[in-house]
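1. Mind folding the following:
(chains A and B)
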Amino acid sequence: MSNEHEEAKHHEHEVEVSISTTAGFYPTEGFSDVPAKQAVHVELDKAKHALHIKDTTNWVASVAGASGKRVIDPAKTYAENGLSGKVEIDWGPSEGGGG
Amino acid sequence: MHPAAAKALFEEDALHLSAALAARRGWTLHAVAHPLIDCSFSAPGRTTLRVKLTCDDWNDLPPSISLHAADGAPLTALPPNPTGVFNGGPHPVVNRPFVCMRGAREYHTHPSHAGDAWESLKNLTNYSLGGILTQLWHAWQKGSG
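-> Residues are numbered from 1 along each chain as shown, chains lettered A, B, ... in the order given. Next comes the predicted model:
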């Protein structure tokens, strides 16, 4: 098997993740290489710690899709959320009640 | 709060309302300069909503939030939104459509919510300036038009 093929196969099992919040980006620049079978919350937890976010109660994680924003489930893996390649996750508080 | 302290807290809180964040979220940050945050929300197939957060005496007071068209004209009518956050009003104090959500000054000064004090929210992460702006954006995304 060629090195090129091995590398392509390796990347099939990884995603590149960047998380945006109003406290900053994680990682600060670029993307983190993460196993596609890893739960999304693992990187969110790292972002919370690195960006010194005190409380993430009622926060939602979402990605931009072809038909607009799509909320993802942090308890599931990237693969289970249908994510591959470069994954830009936006993370922040859901809207409060109104009326 | 002393005006200098309020300004410093505003600047610390607004530090990460960056061009990179705006690009990712479909925001246009027209101004982030004490005491004003002026931001438009845009998305394919949607009419742009522009919100202006006036943050005088931050964070002893929540921001006063006004709603505008893309060109900055005050909104007189609201697009459909199921969340109840954007209220056609008129608000009894400011006499215009308003944001009816915890963290908006117009919510806390509305007679219907007089018992819901800002004091209990002001130090929570979700009610930082970025938190309030994000909540507004999420509410807008659930609407149409």
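
2. From now on I want contacts and neighbour counts done on CA atoms only, so please keep to that.
-> Noted.

3. counting contacts, what elements does the lengthiest helix in chain B pack onto?
-> The longest helix of chain B (DSSP state H) is helix B:129-141. Where contact means 3 or more Cα pairs under 8 Å, 6 or more residues apart in numbering or on different chains; DSSP states H and E, helix B:129-141 is packed against strand A:85-93, helix B:3-13.

4. residues touching the residue nearest the centre of chain A, list them.
-> Note on chain A: the residue nearest the mean C-alpha position is A:Ile89, at 4.3 Å, using Cα atoms, centre = their mean. Residues near A:Ile89 by Cα atoms under 8 Å, 6 or more residues apart in numbering or on different chains: A:17-20, A:61-63.

5. picking that back up, I'd like the helices and strands packed on helix B:129-141 laid out as a markdown table, including distance to B:Ala20 and mean pLDDT.
-> What follows is those, written out as a markdown table (distance: least, Cα to Cα, whole Å; pLDDT from 0 to 100):
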| stretch | distance to B:Ala20 | mean pLDDT |
| --- | --- | --- |
| strand A:85-93 | 12 | 97 |
| helix B:3-13 | 16 | 96 |
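
6. and among these, the most buried is which?
-> The highest average neighbour count among these, using mean count of other Cα atoms under 10 Å in any protein chain shown, belongs to strand A:85-93 at a mean of 20.

7. gap between it and the chain center?
-> Its chain's C-alpha centre and that of strand A:85-93 lie 5 Å apart, by Cα atoms, centre = their mean, to the nearest Å.
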